[in-house]
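[1] this one's structure only:
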């Protein structure tokens, strides 16, 4: 926030009122209505109640099927964030990201000279809350790109055959983390706080009502894909990938109602009080 001195009774310059805001950054996919198609109004409307002015929010809609550095991905994100910051006079911004959205944000934070818009966004951003970020990639991406016919078919069924998924292969993310991206072990720290929420398991018991939060069919599918992953995973990402960059805010069962795990689908829904924890963090 800009501050101006008063000399006697004469104001040198008027006070510019800035604001706290939140932006919701979706994961892999090309979105035109991420509020309804990726997040939900229940989740977003709950989280934004933590703002001093709950109208100071934006939901990003970009093409995150592309590589993170492209105009359609990081360029699109930068344009929408820049417009939001300028229009709403935001000087304290929290980015709530999910999955690969965390990688696109890390690209901006790690490469301030890549695009003239990046420094202003970095300066306005105070915190990133990264929900199940794919910071270390996922073996599922490797399975889709390099696996057998069944694994490739699984990728097409899930809609994951695109450049963003190629990017999230484990070896590819290792390369990016060691060269272009900050925030992982042995690399420079990110310019702003990057705290993660880690999903550790998937429940899909049909008799358990908690399995229906986020959609029961999604839970069944994610429990199936756990066959390619570690015992600690959210059905799409290993816990080690989710915690590879920044710092861990919490692992699901440490805070969630009833110590429920958060699947990769549930970590973008108002499941088990997740929305309340984020709301109170703003």
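    Thanks, I have it. None of these values were measured; they are calculated from a predicted model.
[2] residue ranges for the strands of the stretch 1-150 of the chain, please.
    6-7, 10-11, 19-25, 57-59, 90-98, 125-131 (DSSP state E, counting those that start in this stretch).
[3] roughly how far is the fifth one from the heart of the chain?
    Relative to its chain's centre, strand 90-98 lies at 10 Å (Cα atoms, centre = their mean, to the nearest Å).
[4] ditto for the third one
    Its chain's C-alpha centre and that of strand 19-25 lie 13 Å apart, by Cα atoms, centre = their mean.
[5] and stretch 189-198, what's buried?
    Residues 190-192, 194, 196-198 are the ones in stretch 189-198 that count as buried (16 or more other Cβ atoms under 10 Å). Any C-beta I mention is one placed from the backbone N, CA and C, and that applies to glycine too.
[6] one more: stretch 198-206?
    198-204.
[7] what about these, which are in strands?
    residue 198 (DSSP state E).
[8] tabulate the strands of the stretch 1-150 of the chain (CSV), appending mean neighbour count and mean pLDDT.
    Shown next, in CSV, are the strands of the stretch 1-150 of the chain (neighbours: other Cβ atoms under 10 Å; pLDDT from 0 to 100):
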stretch, mean neighbour count, mean pLDDT
strand 6-7, 9, 40
strand 10-11, 8, 42
strand 19-25, 23, 98
strand 57-59, 22, 98
strand 90-98, 24, 98
strand 125-131, 24, 98
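[9] for residue 178, which of the ones you listed is the nearest?
    For the strands of the stretch 1-150 of the chain, the distance to residue 178 is smallest for strand 125-131, at 19.3 Å, taking Cβ to Cβ.
[10] strand partners (parallel or antiparallel) of that closest one?
    strand 90-98 (parallel), strand 193-198 (parallel) (DSSP bridges).
[11] if we can go back for a sec, and residue 80, which of the strands of the stretch 1-150 of the chain is closest to it?
    strand 57-59 (6.8 Å).
[12] let me see the residues that make contact with that closest one.
    Strand 57-59 is contacted by residues 21-24, 26, 34-35, 39, 44, 48, 51, 80-81, 84 when judged by Cβ atoms under 8 Å, 6 or more residues apart in numbering.
[13] of these, closest to residue 114?
    residue 81 (14.3 Å).
[14] just give me the neighbour total for the closest one.
    Residue crowding around residue 81 was assessed by other Cβ atoms under 10 Å; the count is 26.
[15] surely it and residue 122 touch.
    No: Residue 81 is beyond contact range of residue 122, at 10.1 Å (criterion: Cβ atoms under 8 Å).
[16] relative to residue 282, how far out is residue 109?
    19 Å (Cβ to Cβ, to the nearest Å).
[17] and what of residue 131?
    Counting by Cβ to Cβ, the gap from residue 131 to residue 282 is 14 Å.
[18] and if you look at residue 66?
    29 Å.
[19] mind listing what the closest residue to residue 177 other than its chain neighbours touches?
    Spatially, and ignoring its direct neighbours in sequence, residue 177 is nearest to residue 184 (4.5 Å; Cβ to Cβ, 6 or more residues apart in numbering). Listed by Cβ under 8 Å, 6+ apart, the contact set of residue 184 reads 135-136, 177-178, 244-245.
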